[in-house]
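# generate coordinates for the sequence data below:
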Amino acid sequence: MARSPRHLDFALNYEPHNATQVELFHRADTAKIVFALGQAGTGKSFACLAHALSGVKSGRFDSVTLVRPALAAEEDLGFLPGEVVDKIAPYQAIFTQLLSDMAFTVPPNILRAIPLCFLRGITFRNTAVVIDEAQNLTRTGFRLIITRLGRGARLYFAGDPDQSDLPRRASFLRSAADRLSHLPGVQVYTFLPRDNLRDSLVNDVLRLL
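Here you go, the predicted structure:
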């Protein structure tokens, strides 16, 4: 029996801020796997989350699942106290900021966060999955996530291949995008320095470091 789409009435106040965001937002509807690559501050996660939520609003998806590798940058805070939801809260804070920036309200139970280590055995169905900081995924992590792809789902991998917190050459983001880009249903969007939405000094600093 065919699945009837569920249309949800909520405000999505999103306006693309650069040409690559526009391209992703208007062309990624046909993709099953989306790669958004580029330096920090170009709006990769912003565009992916907005596009995913627009799919919920239109009835394409039932929900949005947020995944972020729990890997600290440089410093290790050790084991965090509390339940699972408390432990992953610091790693999901970026999505809270993005939702605030979009200035819209999402109905309860539309957004959920799952730690990468809990994905085994799960199948994503009728959901948009946004994997932020994807440069911190190893080959094993990528295989774990991609093999969760079920009917009616879409995966968004957003990250900066040049800013990984993994040991040298352990990040699999760029390699995965290169190897999969020719497959039907896979789209790769490269955000350029000109897409930077932060202080213009960022581009100058990154060019020199």
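# from F172, how far out is the residue lying closest to A170 once chain neighbours are set aside?
Nearest non-adjacent residue to A170, counting by Cβ to Cβ, 6 or more residues apart in numbering: T138, 5.5 Å away. To be clear about C-beta, it is placed using only N, CA and C from the backbone, and glycine gets the same treatment. T138 is 6 Å from F172, where distance means Cβ to Cβ, to the nearest Å.
# what about these two, which has more around it?
Neighbour count, other Cβ atoms under 10 Å: between T138 and F172, F172 has more, with 22 against 16.
# identify the residues contacting the residue lying closest to that one once chain neighbours are set aside.
Distances taken as Cβ to Cβ, 6+ apart place R139 nearest to F172, at 4.4 Å, with adjacent residues excluded. Contact analysis of R139 by Cβ atoms under 8 Å, 6 or more residues apart in numbering lists F172, S175, A176.
# one more: F124?
T65, R148, L149, G150, A153, L155.
# and the helices in the protein?
For the chain, applying DSSP state H gives helices covering 19-27, 44-58, 84-102, 139-146, 173-180, 201-208.
# and the residue nearest to A170, what does it touch?
L166, A170, S171, F172.
# can you add pLDDT and distance to A36 and give the residues you listed back as JSON lines?
JSON lines is the format used below for the contacts of T138 (pLDDT from 0 to 100; distance: Cβ to Cβ, whole Å):
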{"residue": "L166", "pLDDT": "87", "distance to A36": "19"}
{"residue": "A170", "pLDDT": "88", "distance to A36": "20"}
{"residue": "S171", "pLDDT": "93", "distance to A36": "15"}
{"residue": "F172", "pLDDT": "95", "distance to A36": "15"}
